[in-house]
Structures are given as C-alpha cells and as structure tokens.
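Asks: predicted coordinates and the sequence they were generated for:
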Amino acid sequence: MEAKSLRLNITAEGLETQDQLDYLQIRGCDEGQGYYFSNPVPVSTITQILKESSRQSDRSLVHTCTISSSAAMPK
C-alpha cells in the first residue's frame, strides 16, 4: 500500500460489519470508524467523553484504541 510506504496510518470510514473489519485488518488498515463500532454521537457527548478521558489520563497511562486493538473490536 502506498500509504504504508509513506508511513501514513490508514483509516477506513463506514465500517458496518465484522466481515468488513476482518477484510481491512488483513490488508493492513490501522483504524476504522462506522456503525459497527457506534451510532453517531452528538458533539456534546464526545466533548464530555474527552473531558473525562483527559482527567483520567492525568492519573493513569493514556491508551490509544486502533482497529488492531481488542478494545476496538467488539466480538
């Protein structure tokens, strides 16, 4: 993939099924978003989540969720 040769992360949009997630993971996709992970969330909700996450990161390690992490892949 050209993006990988340029050391860029690949983000897939519009993931809706496990099959799509599996297909993209096998092909080296780094991240994804879509209904498979969550319905759209209002800005106010995301803002609150980020504020809470920021407070928690002050007390613990910051974790990054990517498409390859088990936290980002519901089964």
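Replies: Cool, the structure landed. Numbers count the residues shown, from 1 in each chain.
Asks: and the closest residue in space to Leu15 that isn't next to it in sequence, how many neighbours?
Replies: Setting aside the residues directly before and after it, Leu15 is nearest to Gly34 in space (Cβ to Cβ, 6 or more residues apart in numbering), at 3.5 Å. C-beta: built from backbone N, CA, C; applies to glycine. By other Cβ atoms under 10 Å, 16 other residues sit near Gly34.
Asks: can you start the count at 40 instead of 1 from here on
Replies: In the new count, where the first residue is 40, that last one comes out as Gly73.
Asks: contacts only, for Ala51.
Replies: Ala51 is in contact with 59, 63, 68, 70-73, 106, counting by Cβ atoms under 8 Å, 6 or more residues apart in numbering.
Asks: what distance do you get for it to Val82?
Replies: From Ala51 across to Val82, the span is 22 Å (Cβ to Cβ, to the nearest Å).
Asks: which parts of this protein are strands?
Replies: Ranges of strands within the chain are 50-52, 70-72, based on DSSP state E.
Asks: okay, those in CSV with distance to Gln87 and mean pLDDT next?
Replies: Converted to CSV, the strands of the chain look like this (distance: least, Cβ to Cβ, whole Å; pLDDT from 0 to 100):
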stretch, distance to Gln87, mean pLDDT
strand 50-52, 23, 91
strand 70-72, 19, 91
